[in-house]
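> I would like to see how this sequence folds:
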Amino acid sequence: MKRSTQLAILALCLVAAAGIVVVKSGVLRPGEAKASTGKAATSALPPAPLVTVVKAQTRDFKDQVALTGSLVAREEVLVSAQVDGFAIRALDADVGDHVKAGAVLARLSQDQLQAEIAQNNAAVTRATAAIAEAEATIAQVKASVVQSSGDLVRMQRLRNSPAFAQATYDQKLAAADAAKAQLAAAGQALAAAKSDKASQIAAGKQLAIKLADTTITAPVAGVISQRNAQIGAIASAAGGPLFRIIRDDKIELAADVPEQDLARLRTGMPATLTAVGAAPVKGHIRLISPSIDPATRLGQIRIAVDDPAAAAARGLHSGAFAHAVVIAAERQSVGVPATSVMTDVDGASVLVVADNKVQRKLVRLGVTNGAWTEVRSGLPPDAIVMQRAEGFFRSGDSVRTKFSPKVGPT
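Predicted structure coming up:
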């Protein structure tokens, strides 16, 4: 065999021997491969998500109804002229003045009435004189009646005697009848004079009332909200009110309420009223409308201000826009942060965490005050809930927890 052929065979043998060594060194034991694979799988699992939780608390909740409307006078009194045709001579009050009952607001001209009163006084004097004259006439006629009656009686006694004269008797009889007629006429004259005097006295009383009405006064105490009177204008009872007075300064909020909220309200419920740019004032529901507008489905309520003077001092005025918060109910209930509640087709629910497991619980909600929402049923006190409910959590999910240090304003 040639030497070159021998060298080639030797090289192939060396290469084969080297491959066998490499293959043997790269093969692992079965146990070692399994242990290595388990360790890699364990290190690949992610940790459970960390969530912030809070404890449900028993808290004080207020069921509140928010309303808006306009401030109006509880009772506005109209002051008009009671006499016509007299010019306004002076004004003693203006818009914004607080007046007492009986305070003078305006004065009308009295010149014409003073002249009529003087004429009436003269007529009363004439009627008094006529009465005196009629009484004197009656006295004279009564004397004539007595005399004529006496003459007639004496003539009747002589009827059967020779001295009786029929002509003379007829004269005496006529005189007696004439005296009686004069007495009746004098009595009628006296009655007419007395009637005339009574009429003039009644007319004088009417003039006195008119004279008093020329001084226009406030019928009630309150604040003047409007003044239409002008000096020199002719007052007229049919020309509209001269002044408008808010009785006792009482104003209130007139608000329209949806029918679903109207059913929750009762008269006497406390409320807080706030007008634009004014400090809040206390009030209460004074009136609830017994009917609801079928078109708008709204009913009206009136919220009275408890302290009208304080309301005026704080800038609440009739006609201003204002809003109110009525406290319909106050109670203690279980509460959770508003962010802990989520809603879907099944209703409202919260995510409760127990033993690092998530459980979804359906709840019945009440009112929300600030950052807290009332849970009327479905959640025990002291339950641990997620502070912020997330829709991707499902019942049975594992979580890690940390408690929230703060849950916003209450």
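> just the strands from the stretch 151-300 of the chain, written as ranges.
If DSSP state E, counting those that start in this stretch is used as the criterion, the strands of the stretch 151-300 of the chain fall at 215-217, 222-227, 234-235, 243-247, 251-258, 270-275, 281-288, 298-305.
> ok, which of those strands comes nearest L78?
For those, the distance to L78 is smallest for strand 243-247, at 6.0 Å, taking CB to CB. For every residue, glycine as well, the C-beta is placed using N, CA and C.
> in the closest one, what counts as buried?
Residues of strand 243-247 classed as buried by neighbour count (16 or more other CB atoms under 10 Å): F243, R244, I245, I246, R247.
> and D382, that one's in a helix?
No: secondary structure assignment (DSSP: H, G, I helix; E, B strand; the rest coil) places D382 in coil, not in a helix.
> number of residues surrounding it?
Applying other CB atoms under 10 Å, we find 10 other residues in the vicinity of D382.
> I'd say it and K55 touch.
Yes: taking contact to mean CB atoms under 8 Å, the distance of 5.7 Å between D382 and K55 places them in contact.
> about what we covered before: out of the buried residues of strand 243-247, who's nearest I209?
Out of the buried residues of strand 243-247, the member with the shortest distance to I209 (by CB to CB) is F243, at 20.3 Å.
> what is that closest one paired to in the beta sheet?
V79, R227 (DSSP bridges).
> wait, it touches R227, no?
Yes: taking CB under 8 Å as the contact criterion, F243 and R227 are neighbours in contact, 5.5 Å apart.
> what residues are shared contacts of those two?
Shared contacts of F243 and R227, defined by CB atoms under 8 Å, 6 or more residues apart in numbering, comprise A93.
> beta partners for the spatially most central residue of the chain?
Among the residues of the chain, the smallest C-alpha distance to the mean C-alpha position (CA atoms, centre = their mean) belongs to R302, namely 2.7 Å. Each beta-bridge partner of R302 is listed here, defined by DSSP bridges: A254, L287.
> is it true that it touches L287?
Yes: A contact is recorded between R302 and L287 when judged using CB under 8 Å, the distance being 4.1 Å.
> could you break this structure into its assigned domains?
Taking automatic domain parsing as the domain assignment, the ranges for the chain are 3-38, 51-60+331-403, 65-72+248-330, 79-100+217-245, 111-213.
> enumerate every residue touching E75.
Contact partners of E75, counting by CB under 8 Å, 6+ apart, are I246, R247, D248, K250.
> any low-confidence regions in the stretch 1-150 of the chain?
Regions of the stretch 1-150 of the chain meeting the criterion pLDDT under 70 cover residues 1-45, 143-150.
> of the buried residues of strand 243-247, closest to A310?
When those are compared for distance to A310, the smallest value, 15.2 Å, is given by I246; criterion: CB to CB.
> next up, the contacts around the closest residue to S80 other than its chain neighbours.
In space, S80 comes closest to P241 once its chain neighbours are excluded; the distance is 4.8 Å by CB to CB, 6 or more residues apart in numbering. Under the criterion of CB under 8 Å, 6+ apart, the contact list for P241 reads L78, V79, S80, Q226, N228.
> could you do L108 as well?
Shown in contact with L108 (CB under 8 Å, 6+ apart): A81, V83, F86, A87, I88, R89, D213, T214, T215, I216, A235.
> okay, L273: pLDDT?
Note on L273: pLDDT of 92.
> to clarify, my last question referred to P162.
As summarised for this prediction, P162 has a pLDDT of 66.
> distance to F321 for the strands of the stretch 151-300 of the chain - can I get that in JSON lines?
Listed next are the strands of the stretch 151-300 of the chain as JSON lines, based on distance: least, CB to CB, whole Å:
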{"stretch": "strand 215-217", "distance to F321": "33"}
{"stretch": "strand 222-227", "distance to F321": "17"}
{"stretch": "strand 234-235", "distance to F321": "35"}
{"stretch": "strand 243-247", "distance to F321": "18"}
{"stretch": "strand 251-258", "distance to F321": "10"}
{"stretch": "strand 270-275", "distance to F321": "7"}
{"stretch": "strand 281-288", "distance to F321": "15"}
{"stretch": "strand 298-305", "distance to F321": "14"}
